[in-house]
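Q: What follows is a protein structure lacking sequence information:
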């Protein structure tokens, strides 16, 4: 297993609540991540074999459900450079003093580990500035380096089929960790809303310029073809992987605990 790969899991149904009973059934959900689809497939097969081995050892049965998959994102510098140009031309909203104070309180609430991880990303000089003013209200220089994105998105599947670009705006205070109460607490702030609008304007302006300039579209398509190097899109959920519907029993178990009918992977 390579260092960049991840195997996350959650026990979604323990089968019961009695601690001194071996339950008749149980369910676990796995999320497997890796830089490339081929690596995900290898890890998936390995996880399945481990589960099958456990079933053999305990003389039980194992069933699997494939509930979703995402590909890796194919970048497109042609579109990214254009989008960066558009962002540079948009007037940035000023952040109010009370908003800066709130963002600073959020920053102070993060752990020392989160602050150190953020510092490693931006460097000591910018770290000192953002610690005092945690809302980044500038447009960072365009980077030509391709970095590994640890998150998962179905936009990546689109990027295998048509030229795709994304932008990132500062909807959170500096050093805010993902999947935390700090991230949720900033969802209705003015600076989060302004950052959302900045992204929307940049995307719209990029689309308009590309529509008006067929040469840019041709360049973006050619770059996509070059980056794929002859590969073509392949959905990780193949027809031979039997996808079963979530059982009514499982749905009832989720709803009983305040969950929703739809289950995401």
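A: Structure received. Because the structure is a prediction, the values reported are computed rather than measured.
Q: Give me the pLDDT for the nearest residue to residue 26 once chain neighbours are set aside.
A: Once flanking residues are discounted, residue 26 sits nearest to residue 15: 4.3 Å by Cβ to Cβ, 6 or more residues apart in numbering. For the C-beta atoms, the positions are set from N, CA and C on the backbone; glycine is no exception. For residue 15, the model assigns a pLDDT of 90.
Q: burial of residue 15, as a residue count?
A: Using other Cβ atoms under 10 Å, the number of residues around residue 15 comes to 14.
Q: residue contacts, it?
A: 23, 24, 25, 26 (Cβ atoms under 8 Å, 6 or more residues apart in numbering).
Q: Counting neighbours, what do you get for the second one?
A: By the criterion of other Cβ under 10 Å, residue 24 has 8 neighbours.
Q: which non-adjacent residue is nearest the most centrally placed residue in the chain?
A: Centroid-nearest residue in the chain: residue 151, 3.0 Å away (criterion: Cα atoms, centre = their mean). The spatial neighbour of residue 151 that comes closest, neighbours along the chain excluded (Cβ to Cβ, 6+ apart), is residue 178 at 7.8 Å.
Q: quick one: the one you found from residue 95, how far?
A: Residue 178 is 22 Å from residue 95, where distance means Cβ to Cβ, to the nearest Å.
Q: just residue 154 next, same as before
A: 32 Å.
Q: Same check on residue 128?
A: For residue 128, the distance to residue 95 equals 18 Å [Cβ to Cβ].
Q: Could I get the contacting residues of residue 203?
A: By Cβ under 8 Å, 6+ apart, the contact set of residue 203 is 83, 167.
Q: Then it would be within a helix, right?
A: Yes. Assessed with DSSP: H, G, I helix; E, B strand; the rest coil, residue 203 lies in a helix.
Q: quick one on the thing from earlier: who has more neighbours out of residue 178 and residue 95?
A: More crowded of residue 178 and residue 95, by other Cβ under 10 Å: residue 95, with 19 against 10.
Q: pLDDT below threshold where in this protein?
A: Applying pLDDT under 70 to the chain flags residues 148, 238-265.
Q: 90 instead?
A: The chain contains residues with pLDDT under 90 at 1-4, 16-24, 34-38, 64-71, 121-122, 137-138, 140-154, 231-265.
Q: where along it do the helices fall?
A: Remark: helices assigned in the chain by DSSP state H are 37-58, 77-88, 97-109, 112-122, 124-132, 155-159, 181-185, 190-212, 214-228, 248-256.
Q: Looking at those helices, spot the one closest to residue 146.
A: Evaluated with Cβ to Cβ, the helices of the chain place helix 77-88 nearest to residue 146, the distance being 8.7 Å.
Q: Work out the gap between the closest one and the centre of the chain.
A: 21 Å (Cα atoms, centre = their mean, to the nearest Å).
Q: For it, name the packing helices and strands.
A: Applying 3 or more Cβ pairs under 8 Å, 6 or more residues apart in numbering; DSSP states H and E, one finds that helix 77-88 contacts helix 190-212, helix 214-228.
Q: right, so of those, which gets closest to residue 91?
A: Distance to residue 91, taken as Cβ to Cβ, is lowest for helix 190-212 among the helices and strands packed on helix 77-88, at 9.5 Å.
Q: got the angle between the closest one and helix 214-228?
A: Per axes from the mean of the first three to the mean of the last three Cα atoms, to 10 degrees, the angle that helix 190-212 makes with helix 214-228 is 100 degrees.
Q: Report the angle between helix 190-212 and helix 77-88.
A: Computed by the same axes, to 10 degrees, the angle separating helix 190-212 from helix 77-88 equals 130 degrees.
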